[in-house]
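Colleague: need a structure here:
(one chain, ligands or ions: 2)
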Amino acid sequence: MTAILSVEDLHVFAGGKEIVKGVSFSLERGKVYAVMGPNGSGKSSLCNALMGNPEYRATGRILLEGKDISPFSADERARMGMFLSFQNPEEVEGVGLEQLLRKASRPSSKVEEIRNWAIVKGKMRDGGKRLGLDATERDLNVGFSGGEKKKAEIVQMEVLQPRLVLLDEIDSGLDVDALRAVADSINSMRGEERSFLLVTHYSRILHYVKPDCVLVMKEGRIVKSDGADIIKRIEEMGYGGI
Ligand SMILES: Nc1ncnc2c1ncn2[C@@H]1O[C@H](COP(=O)(O)OP(=O)(O)OP(=O)(O)O)[C@@H](O)[C@H]1O
Ligand SMILES: [Mg+2]
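Modeller: Ligands and ions are numbered 1, 2, ... in the order given. Predicted structure coming up:
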């Protein structure tokens with residue numbers, strides 16, 4: 001089976017220090033991976049480096065369906081089908097969700113742009129309704145509650161339909177109904193052609209979205225790659241025993 005993503009000896013540097021210290025792993029097509037690990041172990045830095053955030057300098061190889069994407073910018077990686085939902089989504093003054101999505105779903109002609117507009121609007125409205133997000137007309141994330149920011153990320157995922165979805169603590173700040181709605185959204189997008197990397201601290205979301213594999217990060221390294229049973233062990237014993 002071909003991996004959608006292969007990472008070989010990835011080191012990530014930011015703020016003058018090495019944060020991710022040589023990780024290698026593959027994500028198979030159609031599977032869901034959970035990434036767990038103590039605060040500060042490098043999970044978000046890993047996601048940022050995979051997505052091509054220029055603040056995070058990376059060495060090693062990142063292959064998306066066999067193609068080395070190291071030379072490509074975050075924008076180009078997004079166009080290649082990668083998507084990152086941020087742990088702390090930025091507030092973007094002057095840009096609404098609709099505007100962002102219309103641009104991001106890149107129409108190639110004027111006719112397509114008009115058609116695209118209608119589709120984006122429809123999907124956005126449906127997603128917003130299902131998730132209980134009534135802020136789609138406002139500037140993106142500006143004054144949004146923590147949960148609303150996460151819901152807005154999910155609406156973006158639904159509209160863009162990426163093939164590799166990186167979700168960095170998508171469950172943080174969500175109430176119990178919202179958590180279920182977000183999990184439903186992820187589950188409805190699961191499929192043979194799409195893979196998910198789900199960074200989380202809690203088993204709560206993993207009850208709804210069953211991961212195929214759990215990667216445990218500690219101090220910039222992946223120290224364990226195991227089945228979902230490890231989640232219970234982590235909850236009971238913490239990371240000390242892993
Ligand atoms: N841009 C940056 N500049 C300087 N240091 C950074 C930067 N980004 C991350 N770090 C540092 O790297 C380490 C790993 O941070 P990271 O956010 O990747 O951890 P994490 O595993 O996602 O933690 P958490 O579970 O708390 O979200 C931390 O010590 C953090 O302060
Ligand atoms: Mg983090």
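Colleague: can you find the helix or strand of the chain with the lowest average pLDDT?
Modeller: Lowest by mean pLDDT, DSSP states H and E among the helices and strands of the chain is helix 110-131, with a mean of 84.
Colleague: for it, packing partners?
Modeller: Helix 110-131 sits against helix 97-104, helix 146-160, helix 176-189, with contacts defined as 3 or more Cβ pairs under 8 Å, 6 or more residues apart in numbering; DSSP states H and E. Any C-beta I mention is one placed from the backbone N, CA and C, and that applies to glycine too.
Colleague: quick one: it to helix 176-189, angle?
Modeller: Here helix 110-131 runs at 140 degrees with respect to helix 176-189, directions being taken by axes from the mean of the first three to the mean of the last three Cα atoms, to 10 degrees.
Colleague: show me what contacts the residue in the chain that ligand 2 sits nearest to?
Modeller: Using Cβ to the ion, S44 is the residue of the chain that sits closest to ligand 2, at 3.1 Å. The contact partners of S44, taken as Cβ atoms under 8 Å, 6 or more residues apart in numbering, are 87, 168, 199.
Colleague: how about it, secondary structure?
Modeller: At S44 the chain is in helix, as set by DSSP: H, G, I helix; E, B strand; the rest coil.
Colleague: what's the answer for P54, then?
Modeller: Looking at P54 with three-state DSSP, the answer is coil.
Colleague: is it true that it touches A74?
Modeller: Yes: shown here, P54 and A74 form a contact pair, counting by Cβ atoms under 8 Å, at 7.5 Å.
Colleague: between the two, which one's more packed in?
Modeller: Legend: neighbour count by other Cβ atoms under 10 Å for P54 and A74, higher for A74 (15 against 8).
Colleague: separation between the more buried one and ligand 1?
Modeller: Distance, A74 to ligand 1, by Cβ to the nearest ligand atom, to the nearest Å: 14 Å.
Colleague: that residue against M51, yeah?
Modeller: Yes: with contacts counted by Cβ under 8 Å, A74 reaches M51, the gap being 5.4 Å.
Colleague: do you know how far L140 is from A152?
Modeller: As judged by Cβ to Cβ, to the nearest Å, L140 and A152 stand 7 Å apart.
Colleague: what do those two both touch?
Modeller: If you check L140 and A152 against Cβ under 8 Å, 6+ apart, the residues they both contact are L97.
Colleague: identify the residues contacting I230.
Modeller: Contacts here follow Cβ under 8 Å, 6+ apart; on that basis I230 touches 214, 216, 224, 242.
Colleague: and if you look at R190?
Modeller: Taking Cβ under 8 Å, 6+ apart as the definition, contacts of R190 comprise 30, 32, 196.
Colleague: the first one - nearest residue in space that isn't next to it in sequence?
Modeller: Residue nearest to G30 in three dimensions, not counting chain neighbours: E192, with 4.4 Å by Cβ to Cβ, 6 or more residues apart in numbering.
Colleague: what number of residues lie near that neighbour?
Modeller: By the measure other Cβ under 10 Å, the count of residues near E192 is 8.
Colleague: now swap in S188 and tell me
Modeller: Close neighbours of S188, defined as other Cβ under 10 Å, add up to 10.
Colleague: and the gap between it and Q161?
Modeller: Spatial separation of S188 from Q161 under the definition Cβ to Cβ is 11 Å.
Colleague: on that earlier part again, ligand 2 next: which of the contacts of I230 are close?
Modeller: Contacts with ligand 2 are made by none of the contacts of I230, judged by Cβ under 5 Å from the ion.
Colleague: of those, grab the buried ones for ChimeraX.
Modeller: Taking 16 or more other Cβ atoms under 10 Å as the burial criterion, the selection of buried members of those in ChimeraX is written as:
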select :214,216,224,242
